[in-house]
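Asks: here is a sequence together with a model predicted from it:
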Amino acid sequence: MKRPELITRFLITVALLGVVALPVWDWAQTPLIHASIAEHGGWSPDVIQAKVGEPLHLKFTSDDVMHGFAVGQMEMQPVDIEPGKVSETTLTFTKPGIYTFFCTRWCGINHWRMRGTIEVSGGEPPAPEAAPKPLYVTLGLNLDAPHPADDVPTEKPSAARGMGLLHQVANLPAYQSTDYYRSHTPAQVFQDLSNSGLTNPQRWDVVAAIWAQNTTPLALAEGQKIYAQNCAACHGETGGGDGVFADELVASGEASMQTMSGSMEMSMQAPSSFSDPRRILGASPALLQGKILRGGMGTGMPMWGSIFTDEQIWNVVAYLYSFQFDYFK
Amino acid sequence: MELTRLPFIKSLLKNRYPQLALFVLMLAGFVFAILAGLIGTPVGSHNFSIVFVWIAWWAILILVAVPFFGRGWCAVCPIPVVGDWLQRGAVLEPTPKTPKWLGFRFPARFRNMWMQNISFTLVALFSSVILTTPIVTSVVLAAMLFLAIGLSMVFERRAFCRYLCPVGGFIGLYAQTAPIELRIKDKNVCAKCVGKPCYNGSNLGSGCLWDVFPGGLTKNTYCGLCMECIRTCPHDNIAVNLRPFSADLARPSAKLDEAFKAFIMLGAALVYAYVLMGSNGAAKLAAYNVFTPNWFVYTAIFLAFIFILLPGLYWLAVKSGNPNLPLTGKRFAIASTPLIPLGLMFWVAFSLSFVLTNATYILAALSDPLGLGWNLFGTADIAWQPVLSAFVAPAQILALVGGLAWAVRTAQKIAPQAEISAAPVIVYNLAAALLMLWLLL
């Protein structure tokens, strides 16, 4: 073979091998966590290993739409994951355990299914302790039973007006306790006040005041923020059960669920409306906490227990009542 | 004007290495595009395979290469190169007289543009997926490469380019309008030439890779500008000339396969303008969700529009141009010539909008071609924004009006050869141009 031919062949081979080998090598060195809508697989991988005290450097990319990454019950700034781009974050865990990570952007009808786990090992194993039972379990509440309120106010109850009436309520401290507030529905409190000598609207105002006393503006603000980020897509920004995914959720219903789970015979329902006074005033904070914690079995309502802390859930619960009560006027 | 009179150009074309360097560069880019589609991000707007093939390459092809250089792209296209090397058994040596592989002649009945018409139509039917899904683009590119290689081992010369390439067909059609041509200088020299090395090859180079005898070239359609004849001609009788636009259209083709290529291209531009650039979401979904019932409806409409409605109406127009004379395929094909400049300008107008709209993706994909977080040139984070958006609509109007004027002028020229009145053909072209204008604006 002539020398020019040989050199040319060598150069072509090097060029073509280089154009393949270098990107493939770099690709193999770049383990990315891919995010795609749940119908297309969600997180890949969806199980990540980490060690206590060792920084966990994560690189993400989205294969379709905008997603977000956050770890449940962990103080962190959510990471936005743009289609075709790479985002990074570094986490350090102080305790071993299984942490849930989730998508923080409304990416599609099954957005809430985009979850994965980080299995953190090493460190001191936590002392074995029984997890406290959720209040709804302690109270023996049936989360799935209908709970309509018998009485509803004719106008939106005002906590501010109710504050001015509290002195007329006998045995007030019992009503104001956190335990009482969490375990009673507003309608029950309304009934309990039947002998107070107050008119019906006044009794509702007192109920609103008791509810206001069991939260703070700061807690409500956090509840509102969490609601806007995680609940409004289905339940609507104003709590009307008319979020951007509501219609699609109902329409796709069973087909969507079966796409995800194969044989699961479940169907989606219309998201609850918190502007329906019979529904919300007939629900105790413990019941609402239970629904958020566990999810609505067979309804499409996700479980948030592994995502939010107890405090966050109580703040959301308090915020949900703001669709019925004027807390501050 | 003979460009090969310029010593620089002549030596550039005679020397094998400059073209070879471009081939290798293009082949490396082509292989990288296939790789990017396979291992890169599936997000089309950030993947090299989509951005560089369907935005950058397409823009260069349809806005620059075809209108100004005809088959200039074919001169550097990497798809047939590996097959060429296999046929030669070498990179630099010419094709041997005795085939290294099977070396069959391509079957005579398929030596036309019909298979290219079919391959383009197939690509067009799946284009919504191909243009947006990197892995599908990869598969299509790889299929073209391997098909070209496979055919080069069975048939002589560049059978894939000449008879099957979905792109090569329309480039050839529109190359007739380009102001560049490769032609012989003196017919008598060719007539007396012994051995015809331009066609049969010599120790200076291979015989015409496109199965064309340069001495008989009268139009650009089938000359792939491989430049082998410039290297092999012992009499220095091959020239690359600068010429007026659309010079070939003065001697229109009388072949129905070429006429239908014009209808396919015209119709595809109209359908794309409606489906890809329009606001009809249902049409977009139907085109995208291949093999669904809606896609079959879309396919049926697409095929009927291109193969029945457009030619049917044109047949009526041509027929009404001379009702007394029987309308033969030959006259119909000749009469279809005005659709060539009109179609080309349809594609220019259509491409302007999506190329300028998506041009910023090129810079981002240049720095991060696989979506792996690279930032090679510091442009990975450039946000998407349309480029020269105020310029798009006027440029499209200009292109369409120019295309219509060009088509009208062509219709007037070919009418006597087709023995028809130009008026109905002009009305057809006017209606098509207005439809395209409405769809794009």
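Replies: Received the coordinates, thanks. Note that this is a predicted model, so its numbers are computed, not measured.
Asks: C-alpha from now on. contacts and neighbour counts both.
Replies: Will do.
Asks: measure A:Glu5 to B:Val271 for me?
Replies: Computed as C-alpha to C-alpha, to the nearest Å, the A:Glu5 to B:Val271 distance reads 48 Å.
Asks: more neighbours: those two, which one.
Replies: Set A:Glu5 next to B:Val271 and count neighbours by other C-alpha atoms under 10 Å in any protein chain shown: B:Val271 wins out with 20 against 14.
Asks: next, the contact list for the more buried one, please.
Replies: B:Phe302 (C-alpha atoms under 8 Å, 6 or more residues apart in numbering or on different chains).
Asks: that one and chain A: what is the separation?
Replies: From B:Val271 across to chain A, the span is 26 Å (C-alpha to the nearest C-alpha, to the nearest Å).
Asks: chain A contacts on chain B?
Replies: Within chain B, the positions lying close to chain A (C-alpha under 8 Å from any C-alpha of the partner chain) are B:24, B:27-29, B:31-32, B:35, B:39, B:41-47, B:90-92, B:371-373.
Asks: among these, which ones are buried?
Replies: In these, burial by neighbour count holds for B:24, B:27-29, B:31-32, B:35, B:39, B:41-47, B:90-92, B:371-373, counting by 16 or more other C-alpha atoms under 10 Å in any protein chain shown.
Asks: which SS class is A:Thr61?
Replies: Assigned with DSSP: H, G, I helix; E, B strand; the rest coil, A:Thr61 falls in the strand class.
Asks: specify the beta-bridge partners of it.
Replies: Counting by DSSP bridges, A:Thr61 is bridged to A:His34, A:Val86.
Asks: quick check on the closest residue to chain A within the stretch 51-200 of chain B: phi, psi?
Replies: With C-alpha to the nearest C-alpha as the measure, B:Leu92 is the residue of the stretch 51-200 of chain B nearest to chain A, at 6.1 Å. Backbone torsions of B:Leu92, given as degrees, to the nearest 10, read phi -100, psi -20.
Asks: what does B:Thr121 give?
Replies: Here is the backbone geometry of B:Thr121 (degrees, to the nearest 10): phi -60, psi -40.
Asks: circling back to that earlier point, need the nearest residue in space to the residue of the stretch 51-200 of chain B closest to chain A, chain neighbours excluded.
Replies: Closest residue to B:Leu92 apart from its sequence neighbours, by C-alpha to C-alpha, 6 or more residues apart in numbering or on different chains: A:Glu5 at 6.1 Å.
Asks: what's near enough to touch the residue of the stretch 201-329 of chain A found nearest chain B?
Replies: Closest to chain B within the stretch 201-329 of chain A is A:Glu248: 17.0 Å, counting by C-alpha to the nearest C-alpha. Neighbouring residues of A:Glu248 by C-alpha under 8 Å, 6+ apart: A:Ile109.
Asks: any idea how far the residue of the stretch 51-200 of chain B closest to chain A is from B:Asp84?
Replies: Distance, B:Leu92 to B:Asp84, by C-alpha to C-alpha: 10 Å.
Asks: give me the residues contacting stretch A:160-175.
Replies: Contact with stretch A:160-175 is made by A:180-181, A:193, A:196, A:202-210, A:326-329, as judged by C-alpha under 8 Å, 6+ apart.
Asks: figure out how far that stretch is from the centre of its chain.
Replies: 34 Å (C-alpha atoms, centre = their mean, to the nearest Å).
Asks: quick one: terminal-to-terminal distance for that stretch?
Replies: In terms of C-alpha to C-alpha, the two terminal residues of stretch A:160-175 are separated by 17 Å.
Asks: ok, residues contacting stretch A:178-188?
Replies: Taking C-alpha under 8 Å, 6+ apart as the rule, stretch A:178-188 contacts A:139, A:149-152, A:174-175, A:207, A:210-211, A:214, A:281-286.
Asks: secondary structure element for residue 9?
Replies: Going with chain A. Assigned by DSSP states H and E, A:Arg9 belongs to helix A:3-29.
Asks: ah, I was thinking of chain B
Replies: helix B:7-14.
Asks: what's the following helix or strand after that helix?
Replies: Using DSSP H and E, the helix or strand that directly follows helix B:7-14 along the chain is helix B:16-39.
Asks: and the angle for that next one with helix B:7-14?
Replies: 60 degrees (axes from the mean of the first three to the mean of the last three C-alpha atoms, to 10 degrees).
Asks: which element follows helix B:16-39 toward the C-terminus?
Replies: helix B:48-50.
Asks: which residues does residue 103 contact?
Replies: If you meant another chain, say so; for now it's chain A. Contacts here follow C-alpha under 8 Å, 6+ apart; on that basis A:Cys103 touches A:His67, A:Gly68, A:Phe69, A:Ala70, A:His111, A:Trp112, A:Met114, A:Arg115.
Asks: chain B was what I was after
Replies: Per C-alpha under 8 Å, 6+ apart, neighbours of B:Gly103: B:Ser152, B:Met153, B:Val154, B:Phe155, B:Glu156.
Asks: so which of these wins on neighbours?
Replies: When neighbours are counted by other C-alpha under 10 Å, B:Ser152 leads those with 26 neighbours.
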